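S.K.: coords below, sequence missing:
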């Protein structure tokens, strides 16, 4: 059974950086497409970035050029490096395994996704 756990959230000032980690268990991560989603208070969950088994990546427009998704298959871990953070990046960030990684984030979700518990990222001065 696929299981993922996120870590690395916290409080950061605008313009700062933060790296989130997502460790997978119960499966070999390099065979699966992985993604990061986020949900801000009062807003719907949105896809942020995904990476497929061939290292192809996609990003939502609002984070392009600032966020980078990567994977370390030896550690069964996916990362989200977030730079130039903005107040509007504040959200609970979720890792997801077994997504449909394509250009449109609206199509990433499928019934077989394994979700993490989420990690809070707060960007504030």
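M.R.: Yes, it's here. For clarity, every value in this text was computed on a predicted model and none was experimentally measured.
S.K.: tell me what the most centrally placed residue in the chain is bridged to.
M.R.: The centre of the chain sits closest to residue 36, judged by Cα atoms, centre = their mean, with a distance of 1.9 Å. On the basis of DSSP bridges, residue 36 is bridged to residue 49, residue 95.
S.K.: list the contacts of it.
M.R.: Counting by Cβ atoms under 8 Å, 6 or more residues apart in numbering, residue 36 makes contact with 20, 22, 47-50, 69, 78, 80, 93-96. Bear in mind the C-beta positions are built from the backbone N, C-alpha and C, glycine included.
S.K.: distance of it relative to residue 42?
M.R.: Spatial separation of residue 36 from residue 42 under the definition Cβ to Cβ, to the nearest Å is 20 Å.
S.K.: go on, residue 108?
M.R.: For residue 108, the distance to residue 42 under the criterion Cβ to Cβ works out to 22 Å.
S.K.: which one of those two is surrounded by more residues?
M.R.: Neighbour totals were compared for residue 108 and residue 42, and residue 108 leads with 21 against 5 (other Cβ atoms under 10 Å).
S.K.: residue contacts, that one?
M.R.: Applying Cβ under 8 Å, 6+ apart to residue 108 gives the contacts 35, 37, 47, 50, 96, 99-102.
S.K.: also residue 25?
M.R.: Residue 25 sits in contact with 3-5, 76, where contact means Cβ under 8 Å, 6+ apart.
S.K.: quick one, which of these are buried?
M.R.: Using 16 or more other Cβ atoms under 10 Å as the burial test, those include 4, 76 as buried.
S.K.: in CSV: the contacts of residue 25, plus distance to residue 116 and pLDDT.
M.R.: Below are the contacts of residue 25 laid out as CSV (distance: Cβ to Cβ, whole Å; pLDDT from 0 to 100):
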residue, distance to residue 116, pLDDT
3, 8, 93
4, 4, 96
5, 6, 96
76, 13, 95
